[in-house]
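In: fold the following and give me the result.
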Amino acid sequence: MVEKKLGYNIRVKAEKVNNEVFKEYMEIAKRADSAGIYYLAIPEFFARVDPKRLHSVPYMAAIATETEHVRFGPDVMEVPLLHPIHVADITASLDIMSNGRFTLGVGLGFWPSEYDNFQLPWKERGKRLDEALDIMKKLWTEPAIYDYRGKFFTLKNVCSPPCIQKPHPPIWVGGGSDAAIRRTAQYGNEWAPTWWMPGLLEEKTGKPFTWEKSLEKLREYCKKYKRELVLGRAPKGPKEVGYNQRINVNINPDREKAIEEARHFWVDVRAGRTQGAGSFEMKMKQAAIGNAEDVIEKLEEIYKTGAYCVTLYPMSTDSKTQWDMIEKEVLPSL
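Out: Below is the predicted model:
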């Protein structure tokens, strides 16, 4: 039987950031937990000219202590900007605090200016991530690293707290490049791309992109690393690799109002500065915008590709109302 799970984006960014907004987000997180949402996505951002944001790590710590069942994690953490010891300790700590509900989403980001501000070379980001993942997996599965000499990091006599989940919390790898797909098979537990990726890549490169070809590429890489790609369900062990998705959404009984609100959110509020940028027209083609039936139909389309979990990113400044609609109109259909 094909699994059909939902995730939801609990924003760290808002048009206004204060304690009241934080409490509103925590209330949505607790309601999502009670409603049976599978996963809460917490975006991570560094050094961008964007709307204000809360830092993801203390925010996730609050979610760990305020919820009981839902999984959560950064969607995604730009690991090349950080030291792997730092990320390993954050991961293990949040896994312990949540009693084994943490998922580590990793990626590269898409703004060179972030790397400039951290005084790190943009062109080395992929290799830095690979080495960081190698180090973190050693820190989680071995008593200590007594001597590690890589291209970017040299470590001696270092350890990390023991994770609840064994051998370590799931690693979800974002991105749609060949390197990201290979990285998933080599180091990750699930490939976690975005439904707007085909439009984004085609808009930027002019080259066609299909999920079928990308999943076949992932299957071939899995064979290379002696692992197995599983579709339609979550992977059950370190030898299996899964696949999940995320999609932009705006639910309104009046489809024109849904489009208008989504356009305001993307063009006026976000100014196309997140999610790898891209035009609103492209976003519309790759989003679930309209009434509940429209959204459910789009979800079914995504599940048919083999994704067992779809995370909804509201294209709205009113995340609470969007959550109300999802809870009342979408969840009962799954």
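In: helix, strand or coil: sort out residue 248 for me.
Out: strand (DSSP: H, G, I helix; E, B strand; the rest coil).
In: name the nearest residue to it, sequence neighbours excluded.
Out: residue 287 (4.0 Å; Cβ to Cβ, 6 or more residues apart in numbering). Backbone N, C-alpha and C define where each C-beta goes, glycine included.
In: need the contact list for that neighbour.
Out: 195-196, 247-250, 262, 298, 315 (Cβ atoms under 8 Å, 6 or more residues apart in numbering).
In: between those, which is nearest residue 93?
Out: residue 247 (30.3 Å; Cβ to Cβ).
In: what's the helix or strand containing residue 260 packed up against?
Out: Taking DSSP states H and E as the definition, residue 260 sits inside helix 255-263. Contacts defined by 3 or more Cβ pairs under 8 Å, 6 or more residues apart in numbering; DSSP states H and E place helix 255-263 against strand 245-251, helix 280-285, strand 288-290.
In: need the contact partners of that helix.
Out: So helix 255-263 is contacted by 248, 250-252, 280, 283-284, 287, 289-291, 294, 315-318 (Cβ under 8 Å, 6+ apart).
In: before we move on, the earlier item: gap between the residue nearest to residue 248 and residue 249?
Out: Separation of residue 287 from residue 249 (Cβ to Cβ, to the nearest Å): 7 Å.
In: between the two, what contacts are shared?
Out: residue 315.
In: what's the neighbour count on residue 157?
Out: Applying other Cβ atoms under 10 Å, we find 8 residues neighbouring residue 157.
In: tell me the contacts of it?
Out: Contacts of residue 157 by Cβ under 8 Å, 6+ apart are 144-146.
In: thought residue 7 was touching residue 307?
Out: No - assessed by Cβ atoms under 8 Å, residue 7 is found out of contact with residue 307, at 10.6 Å.
In: about what we covered before: can I have the buried ones of the contacts of residue 157 as a PyMOL selection?
Out: In PyMOL, a selection of the buried entries from these looks like this (16 or more other Cβ atoms under 10 Å):
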select buried, resi 145
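In: would JSON lines of the contacts of residue 157 with pLDDT be doable?
Out: JSON lines is the format used below for these (pLDDT from 0 to 100):
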{"residue": "144", "pLDDT": "94"}
{"residue": "145", "pLDDT": "95"}
{"residue": "146", "pLDDT": "95"}
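In: can you put the contacts of residue 157 in JSON lines and add distance to residue 231?
Out: Shown next, in JSON lines, are these (distance: Cβ to Cβ, whole Å):
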{"residue": "144", "distance to residue 231": "37"}
{"residue": "145", "distance to residue 231": "35"}
{"residue": "146", "distance to residue 231": "40"}
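In: so which of the contacts of residue 157 are in helices?
Out: Using DSSP state H, no member of the contacts of residue 157 falls in helices.
In: nearest to residue 111 among the contacts of residue 157?
Out: Looking across these and measuring by Cβ to Cβ, the closest to residue 111 is residue 145, at 31.2 Å.
In: which stretches of this structure aren't confidently modelled?
Out: Residue ranges of the chain with pLDDT under 70: 1, 12-15, 47-51, 271-273, 276.
In: where exactly do the strands run in it?
Out: 5-9, 39-42, 71-74, 77-78, 104-107, 148-149, 154-155, 171-173, 190-191, 228-229, 240-243, 245-251, 288-290, 309-314 (DSSP state E).
In: and the angle for the first one with strand 309-314?
Out: Direction vectors for strand 5-9 and strand 309-314, defined by axes from the mean of the first three to the mean of the last three Cα atoms, to 10 degrees, enclose an angle of 30 degrees.
In: in strand 5-9, what's buried?
Out: Neighbour counts using 16+ other Cβ under 10 Å place 5-9 of strand 5-9 among the buried residues.
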